[in-house]
Structures are given as structure tokens and as C-alpha cells.
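Novice: sequence unknown, structure follows:
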């Protein structure tokens, strides 16, 4: 029996399409590169300029809050925005965007997302439950299938940004998402944490997940960094950075720190009521920091487009050169 | 072809063993009641008096903190305690119990948990990673298999309490855990939440998960209920109970509220450093509330034993009566 081909050092399912041993390697066959859905998802995603996945190893650090507020803020800046909630067992995006209880409609084979504003659309399993308190008691394969549908069947039209909110961890939802988007050039991951070590521990794992799956890391946001008492203005670390917080972790792991958001009780209230933090806490440090993070995100998104264009340009030139040589060879 | 038997109204895998149509129903065959591992787990669990599963629909509400502190406090009260960390992608229990970096050893086919104290043992995938920052990129079946091993192969000896810490959600880990313990009479679930609606939303789903899987609910703990500034003593709701908090939810859903723990920055520090909250914040409201919760838990555990004994007593009497009748019939 023939020996299976050894895996290259950079082995990851997302790299299979360009791998020289893809035809003989088990990763490629498992990686689903031959899955026609992945190609269909690529087609679907081609009308979306930027695809950002919001991740965190740990729950409760403000992942959905960040995802919802990035979407709201980008939309407030005039961008066309979609938000996809793949936290299937705990979908909180509908509540955080003030559209709980809405229905998802279908048009032919497509799902029509719920529009919160003209330029802000949402898809979530939260819209599909008979009763909003129903538990979604699903194992991995069923969750993966819904994620595939969300990527493949939602009628987003042209978007500037698609923000994907995920559950905590590095399991089915995350593996499937990265695999299904492997041909769709996602911009990368925004990783959310709090300053305490028990959160950073899980976030380091999430960063390593990104490295292993070749998902670029846009940057880390440290949430609930400190709290300033509105009465006596004493600043307190609610989740003490006993090991140096996100700044040290980002330095150690060589990933960018996108920004730091302090704790503000008005943030939880805004989320419960589907409001914009920037509007409800106008003038607050949290609002200012969130605005700065969105500025940085827009700058990076712009850079990403330039980078992709420059990568495509030499490739096209190279292809043209090859085609020209091939034509020369053919005519000789 | 014969029609499959209709499912009874109370259909749940945990009820299969006593269901009259278990031989013809698909739930029973899928429920794993014939799985010899479940019977082996029952045998393994028979030396553990109380099995408590700590759940929460939402991450970051303090599930692992509560699990770790319940274990520490019960051990401090002289109980024999084990803690099993089934948050496979984000295991934080080793850090929270100050035993990160320890190794799990084997004795024959059994796994020897890590002993933090003579009467406090821990099992977690955290002890099994080559590098503590390694991401555990596992889909459901692999996670389920590890949970089965943890339940089946850990040498706990006789325990008063086994506390099981879970990841957020109602998916593979939770379904498997309830299924594998279906013959082992777990005491039930302690459900942790914060007061804000986006947490309660997910917790309602978790309560419905417990109802659907027939897992008893011991009670709900509301964590991070409010914060009292140590300087000016102003009390602030950090995660405002915009819909009435855990108290209203418990009343609405007819489940007991075990207690309320306020936010205290020293709690996060204690967790980062593997310390007891009760010891490090001695005299604090948080320490007092945690002590009260443990009192209540012990009271309920005692009641549970009495209830089980009284259920078994009439059953035994009934069996004896039947046996006696049968003997009478045989001799007539």
C-alpha cells in the first residue's frame, strides 16, 4: 500500500487549495476543498467587501457587545453592514440590536435578513425559534449545517462589512466557519478579552487557533478594562490585569491591540435595550474608545483592500507573462 | 413496514429506561440506554454521594468561578470533593484552583486526578495539553469521548460531592453529560447568571434544557449583582436588571434562587491566583453570600438523600410484597 504523503509544515485546511500535495493528503480531503458549497459560499461572499469574525476563547468578555456595536457604529458611518450571529445556543444579537421577535422571510431559496436600519441587516437563529426561551439542543453537525445555510443562503446584496459573532471556544462553529470561508478571503478576526488572566488564557488559545487555521488577526480589544466610579471618580480594575492584561499578551504574541474599552454600567443597559453605546453614553470614555476602534478598523480594512489589489496585480501580470510566453511557445 | 411507535409526551433520553415503549422508540435507541458505558458510569458514580452540574446559557457570568469556589468551600467544610472541568476548549479550573501545570497520571486503566488538597481533587483537559496555550480544536464527537473518559476512568474513590463545570450553551458537552449520567442520579444543576437581560435570555434556555432532559434544577445563583464602590460605598448595578434580574426569572419559571453574589474586584484576583474567595475577601458581602449558598446547597443535598431513601424504601417494600405474593402464588 502506498504511504500517505507527509503533511507539509504549514498544513492547515485553509491552505489546501494551493498545497502541492493536496491530491494525496488527508487534510485536503477532510478540509472540504472539494465541497461545492465552499465555492458557492465564495460566490456569495464576493459581493461583501469585508468579512470580520469576532472571536474570544472565553464567554462573557463582551464578544456580542463588540460585534453588535461595531455593526451599529459602522452603519452609523454610512457603511452597508450585515451581522451574522452564529452563537446558535445563545443568540443575543437580535436583543442587542433591538430586533428581537422579528421573523426571517424567504425569497425563493434565499433567506431575507432582518433589517434594523436600511443599511444594517441581521441574521440569527434567534429569529427562527417558536418561543424565544426555547433551548437549541443541537450537536455539532446540525449547528454546522445552519452556519453553512447562513453563509450560503442569506440575501445580503452588496455589503461593505459582514460582522460574524461567534460563541466562545475553538470547536464546531469556529472550525466550520473558517473552513467554509476558506476560499472567501475573510479580513480576519477581532478577538475580545477582559484583562484578567483566566480570560487571557483562553484568548491565547483562540490566537493559536487563528494561527493554525491561517485566519488573519485584525487585532485584540480589551473590554471591561477598568471602572471609574461615577460618584468619586476612583478608577478600579474590576478584572485585574494580574499578568499584564491584553497589552502584554499582544506584545508577547505579536498581535495588534485594537483598543481598550472601560467598564460602564450604561453599556449593559444599552445592550439590553438594543441601543448604540456611542449614542447612549455620548461623551463617555467608552464611546470615545469605541469610535477610535472603528477608525482603526476602517483604516485596516482599507489597507487590506490595497494589499489584496497589490497581490492580485503581480499575479495577473505574472499570469499575463506566462500566457504570453505560452503563446510564444505555441507559435514557435 | 411497521409504523414506529409514537413518542410519549414526556419523551426524553433520560427517561428511556422506565419508558413502556423503549424497545420500539427511536429516542431510546439513540439515547444510548443500551450503551454499556452508561452502566459502567453508573457503577463509577455509585461511590459519589452528590453530583452537581454547574451550568449557564451565557459565558462569563462566573460559572467556573462558582464551580471552583463551591468545591473549595465544600472541601474547607471537611467534605471529600472532586471537580470535573468539561469546558474542553476553555479549561479554567486548574488556574482557579491554583494547580495549573500539574500532570494527570494513570494507574492501570484509571486516571488519577490532581489533588489540590487531601480532600479536593481535579480533572481537566488543562492538565493534558503539551503547552497551556494550545488551542483544543475539537469537534463534538472528540469532546464527547473525553467527557465519557472523565466520567468512566477517573479514580475519585469515595466523594461527598462531584462538581462538574461546563462550557456555556446547550450543545454536545451538555447533551452528552446528561445522557452519560442518565442512570447515575445526578442531584441536578446549579445555574449561574448575571442580572442583565442578555444573560437571563440564555439562562431561560438552559432551564428549558434541564426540563427537556429531566435534569433537576437545584437553583440559580445571580453573580455580579451589584458593585459597591470601596471608596464612597455607592452601590451600582454593573449589569442592570432591566427585566427584574434572576429573582423575577426564578419566580416566573418556578425555580429556586440559591443566592446573590455582588461584584468584588477581589473575586477576579482570587480566581487568577487559585485562591478561596471566602479566605481572601474575609468579612466581605461576597464571602458571606457564598457561605450562605453553600449552607443551602448542603441542606438541599441532605434532603435529596432523604428523598432518594424514601423513594427506595416503598419501592423495596413494594418489591418485597410482590416477591412475597409471587412466593405465595408459587406455593399455592
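Specialist: Alright, I've got the coordinates. What you are looking at is a predicted structure, and each value in this text was computed from that prediction instead of being measured.

Novice: What count of nearby residues applies to residue A:283?
Specialist: 7 (other CB atoms under 10 Å in any protein chain shown). Quick note: C-beta positions are derived from backbone N, CA and C, even for glycine.

Novice: I'd assumed it was in a helix, is it?
Specialist: No: applying DSSP: H, G, I helix; E, B strand; the rest coil, one finds residue A:283 to be coil, outside a helix.

Novice: For it, grab phi and psi.
Specialist: Per-residue torsions, residue A:283: phi 90, psi -10 (degrees, to the nearest 10).

Novice: What does the pLDDT read for it?
Specialist: Note for residue A:283: predicted pLDDT of 91.

Novice: do the same with residue A:19
Specialist: 55.

Novice: and if you look at the one 10 residues further on?
Specialist: Here, the pLDDT recorded for residue A:29 equals 48.

Novice: Residue A:197 contacts residue B:272, doesn't it?
Specialist: Yes: using CB atoms under 8 Å, residue A:197 makes contact with residue B:272 at a distance of 4.3 Å.

Novice: list residues touching both of these two?
Specialist: A:242, A:243, B:95 (CB atoms under 8 Å, 6 or more residues apart in numbering or on different chains).

Novice: Which one of those is nearest to residue A:99?
Specialist: residue B:95 (37.9 Å; CB to CB).

Novice: What is the three-state secondary structure of the closest one?
Specialist: helix.

Novice: Quick one: residues contacting it.
Specialist: Under the criterion of CB under 8 Å, 6+ apart, the contact list for residue B:95 reads A:197, A:198, A:201, B:126, B:271, B:272, B:274.

Novice: The strand or helix carrying residue A:190 close to chain B?
Specialist: Take DSSP states H and E as the rule and residue A:190 turns out to sit in strand A:188-193. No: using CB under 8 Å from any CB of the partner chain, strand A:188-193 stays clear of chain B, with a minimum separation of 10.4 Å.

Novice: Against which helices or strands is that strand packed?
Specialist: Strand A:188-193 sits against strand A:48-55, helix A:63-76, helix A:197-212, strand A:217-228, with contacts defined as 3 or more CB pairs under 8 Å, 6 or more residues apart in numbering or on different chains; DSSP states H and E.

Novice: 6 Å - rerun?
Specialist: strand A:48-55, helix A:197-212, strand A:217-228 (3 or more CB pairs under 6 Å, 6 or more residues apart in numbering or on different chains; DSSP states H and E).

Novice: Around chain B, pick out the residues from the stretch 1-150 of chain A.
Specialist: For the stretch 1-150 of chain A, the residues in contact with chain B (CB under 6 Å from any CB of the partner chain) are A:57-61, A:89-90, A:92, A:95, A:133, A:135, A:137, A:139-140.

Novice: Output the helices and strands packed on strand A:188-193 as JSON lines; include the columns mean pLDDT.
Specialist: Listed next are the helices and strands packed on strand A:188-193 as JSON lines, based on pLDDT from 0 to 100:
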{"stretch": "strand A:48-55", "mean pLDDT": "98"}
{"stretch": "helix A:197-212", "mean pLDDT": "97"}
{"stretch": "strand A:217-228", "mean pLDDT": "96"}
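
Novice: Of the residues of the stretch 1-150 of chain A next to chain B - the most surrounded one?
Specialist: residue A:57 (31 neighbours).

Novice: residue contacts, that one?
Specialist: A:202, A:203, A:205, A:206, B:90 (CB atoms under 6 Å, 6 or more residues apart in numbering or on different chains).

Novice: for residue A:290, same thing?
Specialist: By CB under 6 Å, 6+ apart, the contact set of residue A:290 is A:69, A:277, A:278.

Novice: with those in mind, which one is nearest to residue B:224?
Specialist: Checking these against residue B:224 by CB to CB gives residue A:277 as the nearest, at 18.9 Å.

Novice: Chain neighbours aside, what residue packs nearest to residue A:176?
Specialist: Leaving aside its chain neighbours, residue A:176 sits nearest to residue A:144 (4.3 Å; criterion: CB to CB, 6 or more residues apart in numbering or on different chains).

Novice: Can you point out the buried residues in the helix or strand harbouring the one you found?
Specialist: Under DSSP H and E, the secondary-structure element containing residue A:144 is helix A:140-153. Using 16 or more other CB atoms under 10 Å in any protein chain shown as the test for burial, helix A:140-153 gives A:140, A:143, A:144, A:146, A:147, A:148, A:150, A:151, A:152, A:153.

Novice: now, among those residues, which is nearest to chain B?
Specialist: Relative to chain B, the closest of these is residue A:140; by CB to the nearest CB it sits at 3.5 Å.

Novice: what lines up beside the strand holding residue A:190 in the sheet?
Specialist: When sheet partners are counted by DSSP bridges, strand A:188-193 sits next to strand A:48-55 (parallel), strand A:217-228 (parallel).

Novice: what inclination does the last one have with respect to helix A:63-76?
Specialist: This points to strand A:217-228. 110 degrees (axes from the mean of the first three to the mean of the last three CA atoms, to 10 degrees).

Novice: Point out where chain A drops to low pLDDT.
Specialist: Applying pLDDT under 70 to chain A flags the ranges A:1-34, A:314-332.

Novice: 90 instead, please
Specialist: By pLDDT under 90, the low-scoring segments of chain A are A:1-35, A:157, A:230-231, A:233, A:304-332.

Novice: mind listing the helices in it by residue range?
Specialist: A:26-30, A:36-45, A:63-76, A:93-96, A:140-153, A:172-180, A:197-212, A:245-253, A:265-272, A:277-280, A:285-331 (DSSP state H).

Novice: circling back: farthest pair in the residues of the stretch 1-150 of chain A next to chain B?
Specialist: Pairwise distances across these peak at 27.3 Å for A:57 and A:133 (criterion: CB to CB).

Novice: follow-up on the earlier one: export the shared contacts of residue A:197 and residue B:272 to a markdown table and tack on distance to residue B:259?
Specialist: Output for the shared contacts of residue A:197 and residue B:272, formatted as a markdown table (distance: CB to CB, whole Å):
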| residue | distance to residue B:259 |
| --- | --- |
| A:242 | 26 |
| A:243 | 30 |
| B:95 | 24 |
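
Novice: wait, which of the residues you listed is closest to residue B:229?
Specialist: Nearest to residue B:229 among the shared contacts of residue A:197 and residue B:272, counting by CB to CB, is residue A:242 at 21.1 Å.

Novice: Next up, the contacts around the closest one.
Specialist: Applying CB under 6 Å, 6+ apart, we find residue A:242 in contact with A:197, B:272.

Novice: List the residues that contact the residue nearest to the spatial centre of chain A.
Specialist: Nearest residue to the geometric centre of chain A (CA atoms, centre = their mean): residue A:53, 0.4 Å. Counting by CB under 6 Å, 6+ apart, residue A:53 touches A:164, A:189.

Novice: Could you do the one 10 residues further on as well?
Specialist: Under the criterion of CB under 6 Å, 6+ apart, the contact list for residue A:63 reads A:54, A:56, A:192.

Novice: Specify the angle between the helix holding residue A:144 and helix A:172-180 in degrees.
Specialist: Computed with the same axes, to 10 degrees, the direction of helix A:140-153 lies at 40 degrees from that of helix A:172-180.

Novice: helices and strands around helix A:140-153, which ones?
Specialist: Counting by 3+ CB pairs under 6 Å, 6+ apart, helix A:140-153 packs on helix A:36-45, helix A:172-180.
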